[in-house]
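**Q** coordinates only, sequence not included:
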């Protein structure tokens, strides 16, 4: 079952990545009557996580020139004897199989239709899964020793302007990277912090500090809770697209499983 899930997940990923593989594309250059397209440029830029259109003009020219050079060399290779070699033909057949699979799967994915009624039904039946987690907004002061932390807490407990004094002390004494911002950590969910910190922060009332230092592997923390958002149900509009994607993937997997089952019944399979 695990193996099947891995295979099906891979197939879904292939379909999602190649669903627009054959869309109309902008031509950047022509070499020997063959086009070099925007998609060609974007494909070689994927590793840099940037698209051709995001580049500066000089960089665009450099990429286009590289693609032209590659095309010239490819055309030369196609005129050589390499295309008559056994290894070339075997590799080409494997590539054809992969391309046929990608196009076939892409066409199957296109005809999958998940109705509004199905999406709404799933939402109603699975509301317990669709909760916004509690979010906290906090500042903290991090010091090396428990004594330092206790001394700071003692000062802050006597403060008449707790938040302002907390920020001032954080800027002058905290060893954390957020010290320059008064220890401001912004909004976060409890899973984003280490357990000891999250547990202490989540039990605070807004506008208060931890009564005792919170020990973690980083040192000793004093936490000031600036604000809190309680868990809440995500609206249908917020999750509709995700539910549709999930249900579409389920339908696609079922279709693939049925095809696999039918085809396996026709083909002799042996493992060596």
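**A** Yep, that arrived. Worth saying up front: this structure is predicted, and the values here are computed from it rather than measured.

**Q** alpha carbons only for contacts and neighbour counts from here, please
**A** Fine.

**Q** show me the helices in the stretch 151-272 of the chain, by range?
**A** 162-173, 195-202, 236-264 (DSSP state H, counting those that start in this stretch).

**Q** I'd like those laid out as JSON lines, including mean pLDDT.
**A** Compiled in JSON lines, these are given as follows (pLDDT from 0 to 100):
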{"stretch": "helix 162-173", "mean pLDDT": "97"}
{"stretch": "helix 195-202", "mean pLDDT": "96"}
{"stretch": "helix 236-264", "mean pLDDT": "95"}
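
**Q** what pairs with residue 209 across the strands?
**A** residue 224 (DSSP bridges).

**Q** pretty sure it sits against residue 221.
**A** No. At 10.3 Å, residue 209 does not count as touching residue 221 under the criterion of CA atoms under 8 Å.

**Q** tell me the first helix or strand C-terminal of the helix or strand harbouring residue 45.
**A** Using DSSP states H and E, residue 45 falls within helix 38-45. Using DSSP H and E, the helix or strand that follows helix 38-45 towards the C-terminus is helix 57-78.

**Q** just checking, what packs against that next one?
**A** Packing contacts for helix 57-78, counted by 3 or more CA pairs under 8 Å, 6 or more residues apart in numbering; DSSP states H and E, involve strand 27-31, helix 38-45.

**Q** any low-confidence regions in this structure?
**A** 1-24 (pLDDT under 70).

**Q** the same query, at a cut-off of 50, please.
**A** Within the chain, the ranges that satisfy pLDDT under 50 run 1-8, 10-23.

**Q** identify the residues contacting residue 195.
**A** With CA atoms under 8 Å, 6 or more residues apart in numbering as the criterion, no residue contacts residue 195.

**Q** okay, domains of this structure per the record?
**A** Under the assignment automatic domain parsing, the domains of the chain span 25-110, 116-127+236-264, 131-232.

**Q** out of those, the one nearest residue 270 is which?
**A** domain 116-127+236-264 (11.4 Å; CA to CA).

**Q** returning to that earlier point: in the helix holding residue 45, what's buried?
**A** For helix 38-45, burial by neighbour count (16 or more other CA atoms under 10 Å) applies to 38, 39, 40, 41, 42.

**Q** ditto for stretch 188-201
**A** 188, 190, 197, 198, 200, 201.

**Q** how about stretch 54-68, which residues are buried there?
**A** Within stretch 54-68, the residues that count as buried by 16+ other CA under 10 Å are 60, 63, 64, 67, 68.

**Q** with residue 25 as the reference, measure out to residue 36.
**A** Distance of residue 36 to residue 25, computed by CA to CA, to the nearest Å: 10 Å.

**Q** and for residue 42?
**A** 11 Å.

**Q** and for residue 101?
**A** Counting by CA to CA - residue 101 and residue 25 are separated by 22 Å.

**Q** mind checking which of these two has more residues around it?
**A** Set residue 101 next to residue 25 and count neighbours by other CA atoms under 10 Å: residue 101 wins out with 15 against 12.
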